[in-house]
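Chemist: Model the structure of this input:
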Amino acid sequence: MGFEDFIKKNSGSFDSFELPDDHFERFQQKMNKQKKNTISKTYWFSIAAGFVFLIMLSVFIRYQYTQPEKVVNENTILSLGDVSPKYEEVENFYKADLDQKIDEFQKLNCKVNTEQKKMVDLELKQLDVVYNSLQKELKVNINDKRIINAMINNYQNKIQFLELVIGQIKENC
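Modeler: Numbering: from 1, shown residues only. The predicted structure follows:
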């Protein structure tokens, strides 16, 4: 026998009680009071959630802007590859070309006198000094396009210089 069956069977005994006249008004007041408390709790909960969200957002933003893009200590030497994979590919291309030109210069069958060799070495060292100063600048301004372009131009200048020297030596052989 279920609860509903019990109520249906004994419904007559429940009708014998009379509710006071102000019962409905008191019940309505209790419902309104309970509804106000629910709205109030929900309201305060949403305000607290908003504050928590704002705090988390501000911590996230602060963390993003205070973290350096790369941790670079004083002894680190940056190359183009440290800026981005695209520049690493460019740097590798120029390094390979430069290494090939240096190897070609060293393997020339013609007689290269020591004076010419010293001049070539001195010019390459001067270009290396410029490149090293650019690397130091890159460490300070890691995304500065002017520095990146100057580093690429330095590679191009070394290659052009070696091509010019190799061409002149081959003409005189």
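Chemist: Just the pLDDT at the residue nearest to G81 when sequence neighbours are not counted, thanks.
Modeler: Leaving aside its chain neighbours, G81 sits nearest to E88 (3.2 Å; criterion: Cβ to Cβ, 6 or more residues apart in numbering). C-beta here means a position set from N, CA and C on the backbone, and glycine is covered the same way. Residue-level confidence at E88 comes out at 89, pLDDT.
Chemist: cool, Q106 as well?
Modeler: Each residue has a pLDDT score; the one for Q106 is 82.
Chemist: Buried residues in stretch 134-154, which are they?
Modeler: The neighbour-count criterion (16 or more other Cβ atoms under 10 Å) identifies L134, Q135, E137, L138, K139, I142, I147, I148, A150, M151, I152, N154 as the buried residues of stretch 134-154.
Chemist: just stretch 56-63 next, same as before
Modeler: By 16+ other Cβ under 10 Å, stretch 56-63 has no buried positions at all.
Chemist: on that earlier part again, for my notes, please list the buried residues of stretch 134-154 in JSON lines and give distance to K9, secondary structure and pLDDT for each entry.
Modeler: Rendered in JSON lines, the data for the buried residues of stretch 134-154 read as follows (distance: Cβ to Cβ, whole Å; DSSP: H, G, I helix; E, B strand; the rest coil; pLDDT from 0 to 100):
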{"residue": "L134", "distance to K9": "97", "secondary structure": "helix", "pLDDT": "87"}
{"residue": "Q135", "distance to K9": "95", "secondary structure": "helix", "pLDDT": "86"}
{"residue": "E137", "distance to K9": "95", "secondary structure": "helix", "pLDDT": "87"}
{"residue": "L138", "distance to K9": "91", "secondary structure": "helix", "pLDDT": "84"}
{"residue": "K139", "distance to K9": "91", "secondary structure": "helix", "pLDDT": "85"}
{"residue": "I142", "distance to K9": "85", "secondary structure": "coil", "pLDDT": "81"}
{"residue": "I147", "distance to K9": "93", "secondary structure": "helix", "pLDDT": "87"}
{"residue": "I148", "distance to K9": "91", "secondary structure": "helix", "pLDDT": "88"}
{"residue": "A150", "distance to K9": "98", "secondary structure": "helix", "pLDDT": "90"}
{"residue": "M151", "distance to K9": "95", "secondary structure": "helix", "pLDDT": "89"}
{"residue": "I152", "distance to K9": "96", "secondary structure": "helix", "pLDDT": "90"}
{"residue": "N154", "distance to K9": "101", "secondary structure": "helix", "pLDDT": "90"}
